[in-house]
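# Got a sequence here, can you build the structure:
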Amino acid sequence: QFGEPKTAPSQEQEELAAVLLRALLQAAKADGRIDEKEKDSLMKNLGQLDSTEVEFVNRELAAPIDVAGLARQVPKGAEQQVYLMSVMGIDLDTKQEAKYLHELARALGIDAATVNAIHDRVGEPRIYR
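Purely as a prediction, here's the structure:
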């Protein structure tokens, strides 16, 4: 089916969605900056957002990166999904971005082999040799 789901998302689904979005937004800032072009692209890719969601995105973009804080919010079992979302939010081409991903992987308890497998799956460079 297309369109809106017939049932509202559960509280757990809403919380996971917020954590995934936070992972994407933190990753976008991992190179130390987010310019208007990047912000416009993010907003466009997020689709139709209501004013509360736009406010959430703007607040997250303005906040400093907090890998430990993000990791604490990740529900058990969603660690790899959150890491994947961060990988997808990065054009991995700086040491700052690789460092962010390394710190996130460690905070989430994801080993190097799993990290490399995630990167391989989405066609991003590996961060571990």
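# Would you indicate which residues of stretch 25-41 are buried?
For stretch 25-41, burial by neighbour count (16 or more other CB atoms under 10 Å) applies to 25-31, 34. Glycine gets a C-beta too; all of them are placed from N, C-alpha and C.
# Need the contact partners of the least confident helix or strand in the chain by mean pLDDT.
The helix or strand of the chain with the poorest confidence is helix 36-46; it has a mean of 82 (mean pLDDT, DSSP states H and E). With contacts defined as CB atoms under 8 Å, 6 or more residues apart in numbering, helix 36-46 is touched by 21, 24-25, 28, 34, 49, 53-54, 57, 61.
# Could you pick out which of those residues are located in helices?
21, 24-25, 28, 53-54, 57, 61 (DSSP state H).
# Distance from the chain centre to the helix or strand containing residue 99, please.
In this structure, residue 99 sits in helix 95-108 according to DSSP states H and E. Mean-position distance between helix 95-108 and its chain equals 12 Å (CA atoms, centre = their mean, to the nearest Å).
# for stretch 57-77, same thing?
The answer for stretch 57-77 is 9 Å, by CA atoms, centre = their mean.
# what's the neighbour count on residue 121?
10 (other CB atoms under 10 Å).
# Enumerate every residue touching it.
Residue 121 is in contact with residue 84, counting by CB under 8 Å, 6+ apart.
# swap in the one 4 residues further on?
Under the criterion of CB under 8 Å, 6+ apart, the neighbours of residue 125 are 92, 119.
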